[in-house]
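Trainee: What would the 3D arrangement of this be:
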Amino acid sequence: MVKKKQCLCMHRGWLQTGDGMPGAEDDIHDVSDEIADGVDDIALASVNDALDAVENEEQQLDATPEESAPATPRNIIPELEDVEDPEEMVEVLLTVGEERSRRNDVKGALAAFNKAIALDPSCDMAWFNRGVLLEAQQDARGARQSFQICLDLNEEHAPATANLAILLERIGDLEGAYETAEKALGFFPGHPALVQLKERCKNSGISVAMEAMQPSIEVTQEVDMQMVEEIAEEAGIEDPEMLLQEAVHHDHDEDQTLTVEELQSAAEVVVAQQEVMQEVTPEPEPEPAEEPKPEPEPAIDIDSLVEEATACIKDGNPKDALALLKPHLKTIGAQHAGAWRIAGGAMARLDLDNHAIAAMTHAQNLEPSHAPGWFNLGSVQQRSGMTQEAINSYQRSLEADENYAKAAEKWASLAKDEGLIEAYMGAARTLITIDQSHPIKSEYISMLLQLAQGESDIIDQVAGLPPTLPAGPEMAREALNLMGEETTPERATALSLSQQHSDAVLMWKALIQQDQNEPAHWTGLARSLEQAGDYETAQKCHAKATNMGAPPAVAPEETLAVAPEPEPVDILGVGAEDTPLSEPTTEVLVSEPVQALPELNSAPEPVEAPPAVEAPSPAMDAAMLLAPVEPQQKEVEAAPQPEVDLAKAALDAAQTVAVNTPQTTTSNAISNQDVAWFNQGVQLIEDKKYKEALSCFDRALPAFAGDDAMIIRILNNRGNAYYFLEEYPKCVESYHQAMLIRPTEVRGETLYNMGTAYAEMERYKDAIKCFEQAIPRGLGDEAKRRAKDQIRRCNILQKAVDKKRKKR
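Mentor: Numbers count the residues shown, from 1 in each chain. Presented below is the predicted three-dimensional model:
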C-alpha cells in the first residue's frame, strides 16, 4: 500500500509547505498523535482564508490567458518508463502530480493523479489532490465526490475534512458543512475560523444532497455518443453520462475532441470510483421477516406546500411557514426555486439573515429570471450591511424585468445613503427611463448641476491644467436633455455649465427682464459673461448683484491656462487686408545625457545643465524651441500640490482644495541603470526616435522619487518628445507637471516651450500668456526678442480667429 501523506489545502489553491507538494507535509505514521500536538500557524491560516468564501454565491472565474495546446499530451508520463512495480508507479505519479502542480500545470497534475487512482483506487492522497484540482476548475460536484471518497478511505484525513466543510458551505449544504466542521474541529481544536463556520451553519435545516447537484462543468468537446456508450458498456459502467462527465477532464491533447483513448482513461477513473464505493458500502443486513406493508403515503404536492407557506407568512407566522417547507427542502424541494425562496423569506422574518441569504441565493441560481426574488435578496443583504451585494441584486432584478421600478428606487436610495455617486446616477437614469415623471427627476437634475458647478468652481481655483478631465459640461448637457424648454434659472445655469455661453447669456437676460430685482439673475448673467470672455460687463453685473444684497464676487486667481481651446481656424480664409502669416515658429533643444552615478549607495552628484544640441522641428523649418534650463540642485521644500475630488466637493458645496505634501524619499541609493534610462532617452531624442525616448523616460521616472530636480528634467524631456510627435496636449501636460513641482522656480525656457505647444494647438491666447510670463523669467536677449515676435504673431492669428467668428 502506498504510504499516506497529510496536506492542508487552501480554498481554490494549495499551501506551499517545505519542499514537498503544495500543501503536503512530511510523512507521518500516527495521524492522531500528530494532530493532538497541534497544527502550525500557516496551516490554520490557510483554513481561515478558505472560510472567507461567500456563502452559496456563484464563484467568479478568474481571467487567465488562453493556454496553447501542449506539445505532449498531458497523460504522457516519461517518468514511468523504467518503473515496473505498481506501488512504485503510484509513488512516481504522486510525485509527478506534485511537481506539475508547482508549475501551475493543473491539467497535467490532474492526469497524473487520475493515473494513480486507476492503478490504486485506495490511494487516499490521490483522491484528495484530485478533489483540490477539480475545485480549482470549478467542478464542485466532482470535488465533493473526491473529498468524500478520500474520507471513506481515511476518515482521519484532516485537510480533506476541513476542505469538505468549506466546500459544503459554499454550495449551500449548510447541515453537511456543520457536521463536517465539527469533525474538523477535532483535528484543529478551537480554530476560530472553523468555529465561525460551525456557528453560521448551526440549525440551518438546509442541505443539498449529492444527487441534487447538477454537473458543474459543461461538455464542450466534440464526442461520438455511440463511442461513449460502447466504451461504457465494455467497462461495466451503467450510465454513459457518468463517463461523459468524467471525460471532460481527460482531453489530454486539448484539441476539443474526446478520442477513444481519452474516453478509456476516463472510464478507468469511473470504474475506480465504483470499486471504492463498493468496498466502503457495508454488507447488507439480512432481510427481516416480511411485515405487512403500510398504506402508501399520499404524494406530497410541493406547490401546494409553497402556497400554504406563503399564506402563513402573509398572516404573520413565518415560523410555521418554515416548519412546513423545511422537511422537504432536501428532497422533493431541492430543485424547487419557489420553495427555497419562500423558506428564505421566512428565515429573513425570523432575523436569520445569513441563512436567508443562502436560501434566497440558491433560489435565484435555480431561477435567475425571477425579478422579485432578486429584489428580496437585495433587501436582506442591505439590512445585513452588504451594500455592494445589495446593489448587485437590485441590478439583477432590473435585468430580469427592466420596468421593475421598485428595485431601481431601492438602488437609488441605498446609493444616496452610502454616498455612492456613480451608483446613484445609474439608478436615477434607470428610474427616469422607466417613468419620465418620477419625482427623482428633479432631484437628479439638481444633483447634476451641483456636480458641474462644483467642478467648475474648483477648476477655477486650480492653477494650470485641470487635475482630471472635466466632466461638468457633459453632466450639464445631460441635465439640459432632461429639462423642459421653459426659461428658468436652472436651464440658464445648465447652458452656462455646458459651455453654451451665448444661449446662457440670452436666457439670463430674459430672466432679468421678467424680474430685474433678483440678484441671483444678475450673478448668473455675470458668470456666463465671464465664461464668454466679456469680463468688463461681467464686473458691472456683479456690482449690480452686490448692490441688491448678493455676496461680492471673488476675483479668480491668475492662472497659466486660460479659456477652453478655440475652434480650429482656417488661416487661408483670412481677408486680403490681413497680413498672411505662418504659424509660430517652433524649436527644441535637448539636454545631453547625465553621467551615471559612481556607486549604488552613494549620494547623487549635482547635475549641471549641459550644452544644448539642436534638433529640427517636425512642424516647421524655421527656428527651434528653447531648451528648458533646470534650476541648480538645492534644498527646497516641495510645494504643496492640490488634489481634488470634484464629485465630493460638488456634493458638499465645498470650494476648498485639500492640500497634501508629497513625502520625500531620504534614500540616496539610485541605480546607475536608472540614470542610464534617462541618458538613453535623451540620446534617442537626438536620434529622432521619440516614442522609444518616451519609454526610457517612463522607466527612469519612478527611480527619482524625491529628487525634484531630476523629475523636472525628465518631465521637460518628455514634453520635448511629445512635441516632436505632434502630440501637443500631452506635451503641454508634461511641461505643466514639471512646473507644479517647484512653481516658484519655473524658468522662462519652460514657459516658452509650453507657449509654442499651445500655438501649435491654435490656443493663441494661452500661448500669449506663456510667452509674456517667460520674458521676465531668465530669458536671454535673443530669446526675449523671439518671445516678443511670437506674441506679435499670435495676436495677429487670434484677431483672424475672432474676425472669422464674427462673420458666422
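
Trainee: check which helix or strand covers the closest residue to A427 other than its chain neighbours.
Mentor: If the residues on either side of it in the chain are set aside, A427 comes closest to A412, at 3.6 Å by C-beta to C-beta, 6 or more residues apart in numbering. (Each C-beta comes from the backbone N, C-alpha and C, glycine too.) With elements taken from DSSP states H and E, the one containing A412 is helix 405-418.

Trainee: In the helix or strand E91 falls within, which residues are buried?
Mentor: Under the criterion DSSP H and E, the helix or strand holding E91 is helix 86-102. Neighbour counts using 16 or more other C-beta atoms under 10 Å place 89-94, 96-98, 100-101 of helix 86-102 among the buried residues.

Trainee: So which bits of the helix holding A412 are buried?
Mentor: Going by neighbour count (16+ other C-beta under 10 Å), the buried part of helix 405-418 is 405, 407-412, 414-416.

Trainee: about what we covered before: continuing past the helix holding E91, what's the next helix or strand?
Mentor: Trace forward from helix 86-102 with DSSP H and E and the next one is helix 106-119.

Trainee: Which strands or helices does the helix or strand just after that next one pack on?
Mentor: On the C-terminal side of helix 106-119, the closest following helix or strand by DSSP H and E is helix 124-136. Secondary-structure packing of helix 124-136 (3 or more C-beta pairs under 8 Å, 6 or more residues apart in numbering; DSSP states H and E): helix 86-102, helix 106-119, helix 140-153, helix 158-171.

Trainee: Now helix 124-136 - C-alpha only, PDB.
Mentor: Once side chains and other backbone atoms are set aside, the C-alpha atoms of helix 124-136 remain, and they are given as PDB (Å, rounded to 0.1, in the frame of the first residue of the first chain):
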ATOM      1  CA  ASP A 124      -6.500   8.500  -0.400                       C
ATOM      2  CA  MET A 125      -3.900  11.200  -1.200                       C
ATOM      3  CA  ALA A 126      -4.600  10.800  -5.000                       C
ATOM      4  CA  TRP A 127      -8.300  11.300  -4.300                       C
ATOM      5  CA  PHE A 128      -7.700  14.300  -2.100                       C
ATOM      6  CA  ASN A 129      -5.400  16.000  -4.600                       C
ATOM      7  CA  ARG A 130      -7.900  15.300  -7.400                       C
ATOM      8  CA  GLY A 131     -10.600  17.000  -5.300                       C
ATOM      9  CA  VAL A 132      -8.400  20.100  -4.900                       C
ATOM     10  CA  LEU A 133      -7.800  20.300  -8.600                       C
ATOM     11  CA  LEU A 134     -11.400  19.800  -9.500                       C
ATOM     12  CA  GLU A 135     -12.500  22.500  -7.100                       C
ATOM     13  CA  ALA A 136      -9.900  24.800  -8.700                       C
END
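
Trainee: ok and it relative to helix 140-153, angle-wise?
Mentor: Counting by axes from the mean of the first three to the mean of the last three C-alpha atoms, to 10 degrees, helix 124-136 points 160 degrees away from the direction of helix 140-153.

Trainee: average pLDDT across helix 124-136?
Mentor: Averaged over helix 124-136, pLDDT sits at 87.

Trainee: and the helix or strand containing A709, what does it pack onto?
Mentor: Secondary structure assigned from DSSP H and E places A709 in helix 708-724. Applying 3+ C-beta pairs under 8 Å, 6+ apart, one finds that helix 708-724 contacts strand 588-590, helix 672-686, helix 690-700, helix 728-741, helix 748-760.

Trainee: just the ones you listed: most buried one?
Mentor: Relative to the other members of these, helix 748-760 carries the highest mean neighbour count by mean count of other C-beta atoms under 10 Å, namely a mean of 27.

Trainee: what number of residues lie near the closest residue in space to A405 that isn't next to it in sequence?
Mentor: For A405, the nearest residue in space outside its immediate sequence neighbours is I434; the separation is 4.9 Å by C-beta to C-beta, 6+ apart. The local packing count at I434 equals 15, with neighbours defined by other C-beta atoms under 10 Å.

Trainee: so I434 makes contact with A408?
Mentor: Yes: under the criterion of C-beta atoms under 8 Å, I434 lies in contact with A408, with a separation of 6.5 Å.

Trainee: hang on, the earlier thing: next SSE after the helix holding A412?
Mentor: That would be, after helix 405-418 and using DSSP H and E, helix 421-434.

Trainee: List of residues touching that next one?
Mentor: Contacts made with helix 421-434 from outside it, assessed by C-beta atoms under 8 Å, 6 or more residues apart in numbering, are listed as 391, 394, 398, 402-403, 405, 408-409, 411-412, 414-416, 438, 440-441, 443-444, 447, 451, 482, 647-648, 651.

Trainee: Please report phi then psi for S207.
Mentor: Recorded main-chain torsions at S207 are phi -140, psi 150, according to degrees, to the nearest 10.

Trainee: Secondary structure element holding the closest residue to it other than its chain neighbours?
Mentor: When the adjacent residues along the chain are set aside, S207 lies closest to E175, with 4.0 Å between them (C-beta to C-beta, 6+ apart). Using DSSP H and E, E175 maps to helix 174-187.

Trainee: and the next element down the chain from that helix?
Mentor: helix 192-201.

Trainee: where's C201 relative to E175, distance?
Mentor: Plainly put, C201 is 7 Å away from E175 if you go by C-beta to C-beta, to the nearest Å.

Trainee: what do you get for I685?
Mentor: The gap separating I685 from E175 is 70 Å, by C-beta to C-beta.

Trainee: thinking I741 is in contact with R713, fair?
Mentor: No: taking contacts as C-beta under 8 Å, I741 lies outside contact range of R713: 10.7 Å.

Trainee: Helix or strand for the residue lying closest to T487 once chain neighbours are set aside, just tell me which one.
Mentor: On the basis of C-beta to C-beta, 6+ apart, the spatially nearest residue to T487 that is not a chain neighbour turns out to be A510, at 5.2 Å. Here A510 sits within helix 501-514, counting by DSSP H and E.

Trainee: Now find how far off-centre that helix is within its chain.
Mentor: Its chain's C-alpha centre and that of helix 501-514 lie 44 Å apart, by C-alpha atoms, centre = their mean, to the nearest Å.

Trainee: Next SSE downstream of it?
Mentor: For helix 501-514, the following helix or strand on the C-terminal side (DSSP H and E) is helix 519-532.

Trainee: which residues are in contact with that next one?
Mentor: Outside helix 519-532, the residues within contact range by C-beta under 8 Å, 6+ apart are 489, 492-493, 495-496, 499, 501-502, 504-505, 508-509, 511-512, 515, 535, 537-539, 541-542, 544-546, 548-550, 553.

Trainee: Which of the helices and strands packed on helix 124-136 sits closest to T310?
Mentor: Each of these was scored for nearness to T310 using C-beta to C-beta, and the closest is helix 158-171 (26.4 Å).

Trainee: on contacts alone, who are the packing partners of the closest one?
Mentor: Using 3+ C-beta pairs under 8 Å, 6+ apart as the contact test, the elements touching helix 158-171 are helix 41-50, helix 124-136, helix 140-153, helix 174-187, helix 192-201.

Trainee: and among those, the most buried is which?
Mentor: The highest mean neighbour count among the helices and strands packed on helix 158-171, using mean count of other C-beta under 10 Å, belongs to helix 124-136: a mean of 26.

Trainee: That one to helix 86-102, inter-axis angle?
Mentor: Inter-element angle recorded for helix 124-136 and helix 86-102: 30 degrees (by the same axes, to 10 degrees).

Trainee: now helix 124-136 and helix 158-171, what's the angle there?
Mentor: Using the same axes, to 10 degrees, the direction of helix 124-136 lies 30 degrees away from that of helix 158-171.

Trainee: Go through the longest helix anywhere in the chain and flag the buried ones.
Mentor: Taking residue count as the measure and DSSP state H as the definition, the longest helix of the chain comes out as helix 781-807. Applying a neighbour-count criterion of 16+ other C-beta under 10 Å, one finds 783-784, 786-787, 790-791, 793-794, 796-798, 800-801, 804 buried in helix 781-807.

Trainee: Including pLDDT and distance to G378, could the residues you listed go into TSV?
Mentor: TSV is the format used below for these (pLDDT from 0 to 100; distance: C-beta to C-beta, whole Å):
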residue	pLDDT	distance to G378
A783	90	65
K784	89	67
R786	91	66
A787	92	63
Q790	91	61
I791	93	62
R793	90	63
C794	93	58
I796	90	64
L797	90	59
Q798	90	57
A800	86	60
V801	87	55
K804	82	57
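
Trainee: Since that was my last question, I'll sign off now.
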